[in-house]
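Peer 1: Quick check, what structure comes out for this input:
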Amino acid sequence: MAKESFDKEIQFLRMLFLTSGAYNRQQFARRLGISVHTFDKTIRRLKDVFHTIYKDSADPLGSDMTQLVKSPDSDSSDPALLFLFRAKSLKESESFRLSAILTALQEQAMTAAEVLEACCNALPAEMPLPDEKTIRSDLKYLEEVGAIARANAGRPVRYSIRNELINALTDEELTDLYDFVDVMANTQVPSVQGYLLRDQIKRARIQRNSFTEHLVYKYHYHSRILDEAHLYSLFHAIRHRRRIRFRYFSPKLRQSYDSKNTNPLFEKESAGKQELVLPLKVVYDHQYGRWYLLGDVPRLGIVKYRMEGLTQIEEADAVSELEFSGKLRKLEESIRYSWLVDTGRQVLVRVRFYNPPESRSNFIKERVLLQGQWGMITEEDEGSFVYEITVNGTTEIKPWLRSFGSSCEVLEPAYLRREFIAEWKEIQSYYESFRENL
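Peer 2: The predicted structure is shown next:
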């Protein structure tokens, strides 16, 4: 799948999940910056990818792609968006071919010629047959990613699938491993690699007739999964000290993507902004399930981007280790007191938290100690305690404080206290008329 096409499908799926299919074709295409014809082609492409990956599964889509988000997912610990990652950068023929190779090697070790014969027998009639050069290239790729290994040192080389760990485990140990990977994939980031590993273990358990689902999660952060498509490209650029080029669509824009027209007659001004950035750090926001890219731009200094707005990422020139280290130190200093990524003016926040009445455990204090980062409890009595923290601005810490409801009273700064008073008065006004009618 081409890089630009994958960007389009990322934005397509993100909007599909955010709107739950509420947009019609014209509204959807307009918001994405594509034609209705391209919209229809993308729908067909996504359905083809889904059926290629889940060819043995029941059809959850029917004739409408929006059923993917409307229908409840029985295996909710496997986000529906994950099928796109399984097909990333693979043409349909490659997807079938690699699957056939791995299936053949499940039974026994084979030479390249034997793999070619098995692959030709397994491919559908309408699919073009590969030659030996293509099969050797596929075997080299699978060996590089660790899916297969050479079974002997001599000639001809025989290849076998790398499943020695799975085969060495008992059913009980395999179940424990599956549960551990399942928990980690649903609670830690990045998570896509964990889901793919979980799939491999799940297949092994099904083959042994020992599969039962112990834990079921309801997945909510779809942007988290989608944005992981860019994550490893950014890590690679950071590791090799390279600038990147990309087209950025700010969350404030009403458009999240623009088609890349190759015909000069249909060229148009893009809504996105072309950027050249030295990436320095990637930050994840656990509260909203968002990824952020922090980098350096000449003449502007430190810049921040929401990962969901990045499209058409390409690596550019490299910088020296000395330059990269200097930029990174400057960034670390600017976000030293950031609740997340804010680089604004430092401010001292003082908050009084009220202990839960008649409760065996003080879950308010436990949560503050767990999530309060570098803040400290400075005063404490039987009914409450005072928490202090110095942060860059109050924008990012505000939702966290608000989530405590009546158990939290902002003491300083005064302007933040006034903001909270105004918000709670507004909320109160919503219920006044309702209470009068009771």
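
Peer 1: Phi first, then psi, for Ser407.
Peer 2: Per-residue torsions, Ser407: phi -80, psi 0 (degrees, to the nearest 10).

Peer 1: Please tell me how far it sits from Ile364.
Peer 2: Here the criterion is CB to CB, to the nearest Å. By it, Ser407 lies 5 Å from Ile364. Every C-beta, even on glycine, is put in place using the N, C-alpha and C of the backbone.

Peer 1: Can you work out which residues contact both of these two?
Peer 2: Phe353, Tyr354, Pro356 (CB atoms under 8 Å, 6 or more residues apart in numbering).

Peer 1: quick one: which of these is most hemmed in?
Peer 2: Neighbour counts for these, by other CB atoms under 10 Å, peak at Phe353, which reaches 22 neighbours.

Peer 1: Enumerate every residue touching that one.
Peer 2: Listed by CB under 8 Å, 6+ apart, the contact set of Phe353 reads Ile364, Lys365, Val368, Ser384, Phe385, Val386, Tyr387, Phe404, Ser407, Cys408, Glu409.

Peer 1: which non-adjacent residue is nearest the last one?
Peer 2: Same thing as Glu409. Nearest non-adjacent residue to Glu409, counting by CB to CB, 6 or more residues apart in numbering: Arg352, 4.5 Å away.

Peer 1: again, but for the fifth one
Peer 2: Excluding the flanking residues, the one nearest Phe385 by CB to CB, 6+ apart is Ile377, at 5.1 Å.

Peer 1: So the one you found: helix, strand or coil?
Peer 2: With DSSP: H, G, I helix; E, B strand; the rest coil as the basis, Ile377 sits in strand.

Peer 1: Beta-bridge partners for it, please?
Peer 2: With DSSP bridges as the criterion, Ile377 is bridged to Tyr387.

Peer 1: Please name the residues that touch it.
Peer 2: Lys365, Val368, Leu369, Phe385, Val386, Tyr387, Glu388.

Peer 1: and what of Pro279?
Peer 2: For Pro279, the contact set (CB under 8 Å, 6+ apart) comprises Leu234, Ala237, Ile238, Arg243, Ile244, Leu293, Leu294, Gly295.

Peer 1: how far out from the middle of the chain is the host helix or strand of Leu177?
Peer 2: Using DSSP states H and E, Leu177 maps to helix 171-187. Counting by CA atoms, centre = their mean, to the nearest Å, helix 171-187 is centred 20 Å from the centre of its parent chain.

Peer 1: any residues touching that helix, and which ones?
Peer 2: If you take CB under 8 Å, 6+ apart as the criterion, helix 171-187 is touched by 77, 166, 169, 191, 194-195, 197-198, 201-202, 204-205, 208, 210, 212, 214-215, 217, 219.

Peer 1: what's the helix or strand for Ile166?
Peer 2: Going by DSSP H and E, Ile166 is in helix 164-168.

Peer 1: Adjacent strands (with direction) for the helix or strand hosting Glu409?
Peer 2: Glu409 is part of strand 408-412, with elements assigned from DSSP H and E. Applying DSSP bridges, strand 408-412 is found paired with strand 346-354 (antiparallel).

Peer 1: need the next SSE after the strand it pairs with, C-terminal direction.
Peer 2: Counting by DSSP H and E, the next helix or strand C-terminal to strand 346-354 is helix 363-371.

Peer 1: Who are the packing partners of that next one?
Peer 2: Packing contacts for helix 363-371, counted by 3 or more CB pairs under 8 Å, 6 or more residues apart in numbering; DSSP states H and E, involve strand 346-354, strand 376-380, strand 384-392.

Peer 1: average pLDDT across the shortest one?
Peer 2: Looking at strand 376-380 alone, the average pLDDT works out to 93.
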